[in-house]
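**Q** got a structure for you, letters missing:
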């Protein structure tokens, strides 16, 4: 049963293998004496046999591939020998080439050193020749008064490196070089003296051609700053002379001249234009002969002269316009808000003066922007990165500290104070002269006040002063919010007189406005004052929004290239001006609440109470009779129409729509309470639905606003009261409601169902809502 021929045959192979290895398969087969040990040894032999068979099978499967690889290796072997030979030859060639290249490169380096030495020698020779040429040439040029040529020789001499030339002293050229250096240095000093003398003489004689000629020589002899200073002083003298002439002409102008009111602003403008023209014309000359970055030095000199001339112009301006006296009067009036009539300062005299001050500042800002743009552009062509930033800071600091800027800041400070005084006083004057024209819903104070505020703010914007504009925007917000709004609010706060009679009120509105003055009884005047104040507040809201929008557009257009910080300041102030509309809207809202409590509620409540006296538990005969002779809703609509007609002629369109909205709100509020106190049957519910539809239709026709949403609860009440059965409600409730959103709670729905006399309370309680 244990005979396995293959295993027995393989045992011999295993034995032979065990001889070839250090680990025999078994250590003493003869020691196996039990059947179990023999069986175990036999099984291990069988497993080893199977493993070796698998290994042999694997080798046999890959035999053809291995044979192919071996064949390929035999074929490649001769090529590998050739490759070895070629590699050794290539290595030998590379080694030889490397050695050759090293030898060549060393020779090239030696040639480079020799070349540099030759070049240095040639340069030195050329410099020595140039030195001798300059020595001879400068003497001849000075003798011939050819100062440009002499300056050219000196400039060439200044560009030579004396230390390198001194190295030639070892070759015996020392004495000659010393002589050349001494002669050229003497010639340089002599030329500097001549150029300075000739330039001063040309300035004294007014020979502009000679002035420009010698001005071009200064940079060649190393006198950049001195040349710019002298030329700047000459140009400053021309500016001063021209400005004095213009100022004399300005003082001789009479009040009949069309520019009399702005003559000093025009004089300053002429000064700025002359300086700007000099900068534009001379900039190419400076850049050509002095190089980039030098224009700012000349501009600083010109700006200092500009400061002196502007100071003189402003002194004459203040003297001619009594500016300081006016400022003092305004300050006194601003401190003592209620001076006597003899001391009261008329703000209208400020209008022309303020316009000239603004024009002065506008032209100044324009000139300073031109000045900065030209100076920065010149620096950008000469410097970069950190150096450029430092130069720009220097320019900005110079502009900020110049007298022109300081003088205008002082002037703008006084302007802001006077402009605020002018605006506030004129607004208060407009309020005090308030009149109501026939057929007008608003009084004159609205248009007049906003015209004044708009004029003052736009004038400030035209000044181009960011701080000045922000200050005036803040003052405008304060005047509108405190002075102007407070007048309207005080009139509305007085309340709408009670004891309202429709006929009397209608006649009052039609007849109380006569010749722009309020007449009739105190009560009628109070009613008209209240309604006009409400209209004024509503129109002022729109005017304020429009003013904010217009000023915002002007600011964005005028300051599009300003810094982000300036833009943020301006935007914040403009936004504050727009917020005044919110405060004015509060006046309207307060007036509406006064009307609701004084005029709407006292009238609507009695009319709605009539609904309670009309039965809605009716028969078919009653229903037919109601259709022919309406017991309630037609009279209700008529009374409301009379009330609305009264106010329609007295209120602005927006306020009238708001009034109708408030009437509607009160109607729905009172009618809901009345419905909850009434009993209905099926026909009564149908009658109520007809009445409600008529009421909604009427109120929708008298306003442009949507009022149907205010009737949503009443409409749902009518729907419930029209049901034939209690369970029919479930067709409209919950998942069956569709687009309908219920405004009534489940408790309210049950209460309304209980108003139906024909619905049993048990069925209502069983509803699952």
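**A** Cool, the structure landed. Predicted model only: the values in this text are computed from it and were never measured. Residues are numbered from 1 along each chain as shown.
**Q** which residues touch stretch 635-644?
**A** With Cβ atoms under 8 Å, 6 or more residues apart in numbering as the test, stretch 635-644 has contacts from 502, 506, 599, 603-604, 607-608, 610-611, 659-660, 663, 667, 694-695, 698-699, 702. Every C-beta, even on glycine, is put in place using the N, C-alpha and C of the backbone.
**Q** same question, stretch 746-754
**A** Residues contacting stretch 746-754 (Cβ under 8 Å, 6+ apart): 675-676, 717, 720-721, 723, 726, 729, 733, 742, 744, 759, 761, 764-765, 767, 769.
**Q** give me the below-cutoff pLDDT ranges for the stretch 351-500 of the chain.
**A** Applying pLDDT under 70 to the stretch 351-500 of the chain flags the ranges 498-500.
**Q** just the stretch 501-650 of the chain next, same as before
**A** 501-521.
**Q** and the strands in it, which stretches?
**A** Along the stretch 501-650 of the chain, counting by DSSP state E, counting those that start in this stretch, strands occupy 513-514, 517-518.
**Q** the stretch 201-350 of the chain too?
**A** Going by DSSP E, counting those that start in this stretch, the stretch 201-350 of the chain shows no strands.
**Q** sec struct for residue 673, please.
**A** Following DSSP: H, G, I helix; E, B strand; the rest coil, residue 673 is assigned to helix.
**Q** ok, and the closest non-adjacent residue to it?
**A** Spatial nearest neighbour of residue 673, excluding adjacent residues (Cβ to Cβ, 6 or more residues apart in numbering): residue 608 at 7.9 Å.
**Q** neighbours around the one you found, how many?
**A** 21 (other Cβ atoms under 10 Å).
**Q** same question, the one 5 residues further on
**A** The number of residues packed near residue 613 is 9, by other Cβ under 10 Å.
**Q** ok, it to residue 678 distance?
**A** With distances taken as Cβ to Cβ, to the nearest Å, residue 613 is found 10 Å from residue 678.
**Q** tell me, what's touching those two both at once?
**A** Shared contacts of residue 613 and residue 678 (Cβ under 8 Å, 6+ apart): none.
**Q** for the stretch 601-750 of the chain, what spans make up the helices?
**A** 601-612, 620-628, 633-648, 653-675, 682-701, 712-721, 746-753 (DSSP state H, counting those that start in this stretch).
**Q** adding distance to residue 591, write those helices out as a markdown table.
**A** Listed next are the helices of the stretch 601-750 of the chain as a markdown table, based on distance: least, Cβ to Cβ, whole Å:
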| stretch | distance to residue 591 |
| --- | --- |
| helix 601-612 | 15 |
| helix 620-628 | 39 |
| helix 633-648 | 12 |
| helix 653-675 | 8 |
| helix 682-701 | 21 |
| helix 712-721 | 27 |
| helix 746-753 | 33 |
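**Q** select, out of those, the one closest to residue 592.
**A** helix 653-675 (5.7 Å; Cβ to Cβ).
**Q** touching that closest one from outside, list them.
**A** 534-535, 538, 542, 588, 592, 595-596, 600-601, 604-605, 608-609, 611-612, 640, 643-644, 647-648, 651, 688, 695, 699, 702-705, 707, 710-711, 713-714, 717, 752, 755.
**Q** one step back: mark which of the contacts of stretch 746-754 are buried, thanks.
**A** 675, 717, 720, 721, 723, 726, 729, 733, 742, 744, 759, 764 (16 or more other Cβ atoms under 10 Å).
**Q** ok, the residues you listed vs residue 463, which is closest?
**A** Nearest member of the buried ones among the contacts of stretch 746-754 to residue 463, counting by Cβ to Cβ, is residue 742, at 61.2 Å.
**Q** can you count the residues close to residue 233?
**A** So residue 233, with other Cβ under 10 Å, has 13 neighbours.
**Q** quick thing: my sequence starts at 144, can you match it?
**A** In the new numbering, first residue 144, that becomes residue 376.
**Q** give me the buried subset of the contacts of stretch 778-787.
**A** Buried members of the contacts of stretch 778-787, counted by 16+ other Cβ under 10 Å: 649, 742, 746-747, 750-751, 754, 802-803, 806, 810, 838, 841-842, 845.
**Q** show me the two of those residues that sit farthest apart.
**A** Longest span within the buried ones among the contacts of stretch 778-787, Cβ to Cβ: 649 and 754, 25.3 Å.
**Q** quick one, which of the helices of the stretch 744-893 of the chain is nearest to residue 460?
**A** With respect to residue 460, and counting by Cβ to Cβ, the nearest of the helices of the stretch 744-893 of the chain is helix 796-818 at 47.6 Å.
**Q** buried ones in the closest one?
**A** Under the neighbour-count criterion of 16+ other Cβ under 10 Å, helix 796-818 has 797-807, 809-814, 817-818 buried.
**Q** what is the mean pLDDT for stretch 432-443?
**A** The pLDDT scores in stretch 432-443 average 90.
**Q** before we move on, what about stretch 197-214?
**A** 83.
**Q** give me the contact list for that stretch.
**A** Residues outside stretch 197-214 that contact it (Cβ under 8 Å, 6+ apart): none.
**Q** span of it from start to end?
**A** End-to-end distance for stretch 197-214: 26 Å, by Cα to Cα, to the nearest Å.
**Q** mind listing what's buried in that stretch?
**A** For stretch 197-214, the buried set under the neighbour-count rule, 16+ other Cβ under 10 Å, is empty.
**Q** what is the subsequent helix or strand relative to the helix or strand containing residue 596?
**A** If you go by DSSP states H and E, residue 596 is part of helix 587-605. Using DSSP H and E, the helix or strand that follows helix 587-605 in sequence is helix 609-621.
**Q** tell me who's in contact with the spatially closest residue to residue 600 that is not a sequence neighbour.
**A** Excluding the flanking residues, the one nearest residue 600 by Cβ to Cβ, 6+ apart is residue 619, at 5.2 Å. Taking Cβ under 8 Å, 6+ apart as the criterion, residue 619 is in contact with 566, 596, 599, 600, 720.
**Q** so which of the residues you listed is the closest to residue 623?
**A** Using Cβ to Cβ, those come closest to residue 623 at residue 596, 6.4 Å.
**Q** ok, and the closest non-adjacent residue to the closest one?
**A** Computed as Cβ to Cβ, 6+ apart, the closest residue to residue 596 that is not its neighbour in sequence is residue 619, at 5.1 Å.
**Q** ignoring the adjacent residues along the chain, who's closest to residue 798?
**A** residue 681 (5.1 Å).
**Q** one more: residue 688?
**A** With Cβ to Cβ, 6+ apart as the criterion, residue 688 has its nearest non-adjacent residue at 5.2 Å, and that residue is residue 724.
**Q** neighbours of the one you found, just the number please.
**A** Neighbour tally, residue 724, other Cβ under 10 Å: 19.
**Q** again, but for residue 743
**A** 23.
**Q** name the nearest residue to it, ignoring sequence neighbours.
**A** Per Cβ to Cβ, 6+ apart, closest to residue 743 is residue 809, 5.0 Å.
**Q** same thing with residue 829?
**A** Closest to residue 829 by Cβ to Cβ, 6+ apart is residue 865, at 5.9 Å.
**Q** now residue 906
**A** Nearest non-adjacent residue to residue 906 (Cβ to Cβ, 6+ apart): residue 869, at 4.3 Å.
**Q** was I right about that neighbour contacting residue 910?
**A** Yes - contact criterion Cβ atoms under 8 Å: residue 869 and residue 910 qualify, at 6.5 Å.
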